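Undergrad: how would this look folded up:
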Amino acid sequence: MREHLATASQTLESCRSELRNCLWDLRHHALELEDMNDAIRQTLAPVLGSARLSVRFAVERDRLTDNTAHTILRVIRELTVNAIRHGAASEIKVAGSAEDGRLNVSVRDNGSGFDPSSAPGVEQGHFGIEGIRERISSFKGTLRFDSAGERGTKAVVSLEIPHETNDEIDPST
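TA: As a prediction, this is how the structure comes out:
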């Protein structure tokens, strides 16, 4: 029974966090910024606390559709929250580049690291990594981790850069 209560509690906290993120997305205008570096900084400001942030995103905002930019900002935020909350990271480095029609984004931290193969998942009430995979799946995206205890984590997301016509949401649906 205690295990079920712990899972329910973790699930509820994940729902609260996701709701806060949705409300933040509605109130802030990071997507309207012309510079993705500024958009990333603005998106991460509420979650950084005392952690230091370095951003080097070398992809022009006008190359990304709103849906792509929103997805990237949400993924970077989730990876940063995980690094700070679970890895006690004090330094976050975000980088982005485009090559051969793919957007490559990395989030590196100096936290405690983790074993990706044994990370808690949905069954334990943790939705972050699975949520990232679901978010990037429509972009034929991949997510991989390079992590080990006490040397931090590097998460790398790679996804197709869609053309405007492929990325628009049909208003009739």
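
Undergrad: Roughly how far does the nearest residue to Ala69 once chain neighbours are set aside sit from Ala39?
TA: Spatially, and ignoring its direct neighbours in sequence, Ala69 is nearest to Leu31 (5.7 Å; Cβ to Cβ, 6 or more residues apart in numbering). For the C-beta atoms, the positions are set from N, CA and C on the backbone; glycine is no exception. Here the criterion is Cβ to Cβ, to the nearest Å. By it, Leu31 lies 7 Å from Ala39.

Undergrad: Between these two, which has more neighbouring residues?
TA: Neighbours per residue (other Cβ atoms under 10 Å) separate Leu31 from Ala39, with Ala39 holding more: 25 against 16.

Undergrad: Thought Leu73 was touching that one, still the case?
TA: Yes. With contact defined as Cβ atoms under 8 Å, Ala39 counts as touching Leu73 (6.2 Å).

Undergrad: list the residues that contact both of those two?
TA: With contacts taken as Cβ atoms under 8 Å, 6 or more residues apart in numbering, the residues that reach both Ala39 and Leu73 are 30-31.

Undergrad: Would you map the strands across the protein?
TA: With strands called from DSSP state E, the chain shows them at 52-57, 91-99, 102-109, 142-147, 153-160.

Undergrad: Let's have these in a markdown table, adding mean pLDDT, mean neighbour count and distance to Ala8.
TA: Listed next are the strands of the chain as a markdown table, based on pLDDT from 0 to 100; neighbours: other Cβ atoms under 10 Å; distance: least, Cβ to Cβ, whole Å:
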| stretch | mean pLDDT | mean neighbour count | distance to Ala8 |
| --- | --- | --- | --- |
| strand 52-57 | 98 | 14 | 33 |
| strand 91-99 | 97 | 17 | 30 |
| strand 102-109 | 97 | 21 | 29 |
| strand 142-147 | 94 | 16 | 27 |
| strand 153-160 | 96 | 20 | 28 |
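
Undergrad: I'd like the ones you listed laid out as CSV, including distance to Asp115.
TA: Shown next, in CSV, are the strands of the chain (distance: least, Cβ to Cβ, whole Å):
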stretch, distance to Asp115
strand 52-57, 25
strand 91-99, 20
strand 102-109, 15
strand 142-147, 7
strand 153-160, 10
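
Undergrad: right, and the ones you listed - which one's nearest Leu44?
TA: When the strands of the chain are compared by Cβ to Cβ, strand 52-57 sits nearest Leu44, at 6.0 Å.
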